[in-house]
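S.K.: task: produce atomic coordinates for the following.
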Amino acid sequence: MIDKIREEVIRNKGIMKSFVFKGTRNQSLEFDGVITDIYPAIFTITLSDNKVKSFSYSDVLIENLRIID
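M.R.: As a prediction, this is how the structure comes out:
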């Protein structure tokens with residue numbers, strides 16, 4: 001399952017996407033960014049304000065992070 005998520009992340013690398021992250025206490029954070037780097041356990045997203053956030057593939061698996069098309 002993680003391999004399918006990694007493939008999806010690779011397909012979306014370099015493309016501006018919208019993301020929704022489920023934080024603590026039912027807070028959701030929506031942001032736009034570009035997947036810039038892909039590593040074996042994590043990937044990084046550069047936001048439109050040049051901040052960089054990192055996420056694990058399991059964040060996508062458990063739906064804490066959603067990639068919006």
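S.K.: could you check how far residue 2 is from residue 20?
M.R.: The gap separating residue 2 from residue 20 is 20 Å, by Cβ to Cβ, to the nearest Å. Where you see a C-beta, it was placed from the backbone N, CA and C, and this is true even at glycine.
S.K.: please apply the same query to residue 28.
M.R.: Taken as Cβ to Cβ, the span from residue 28 to residue 20 is 6 Å.
S.K.: between those two, who's got more neighbours?
M.R.: residue 20 (14 against 9; other Cβ atoms under 10 Å).
S.K.: and the strands in the chain, which stretches?
M.R.: Taking DSSP state E as the criterion, the chain contains strands spanning 16-22, 28-38, 42-47, 52-56, 65-68.
S.K.: so what touches the shortest one?
M.R.: The set of residues that contact strand 65-68 without belonging to it, under Cβ atoms under 8 Å, 6 or more residues apart in numbering, is 8, 9, 12, 17, 18, 19, 20, 21, 22, 55, 59, 60.
S.K.: most neighbours of all these, which one?
M.R.: Neighbour counts for these peak at residue 60, which has 21 neighbours (criterion: other Cβ under 10 Å).
S.K.: what sits against that one?
M.R.: For residue 60, the contacting residues are 5, 8, 9, 66, 67, by Cβ under 8 Å, 6+ apart.
S.K.: out of the residues you listed, which comes closest to residue 32?
M.R.: Taking Cβ to Cβ as the measure, residue 67 is the one of the contacts of residue 60 closest to residue 32, at 11.3 Å.
S.K.: quick check: bridge partners of residue 32?
M.R.: Assessed by DSSP bridges, residue 32 has beta-bridge partners residue 18.
S.K.: would you turn the strands of the chain into CSV with mean pLDDT?
M.R.: Output for the strands of the chain, formatted as CSV (pLDDT from 0 to 100):
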stretch, mean pLDDT
strand 16-22, 96
strand 28-38, 96
strand 42-47, 98
strand 52-56, 97
strand 65-68, 95
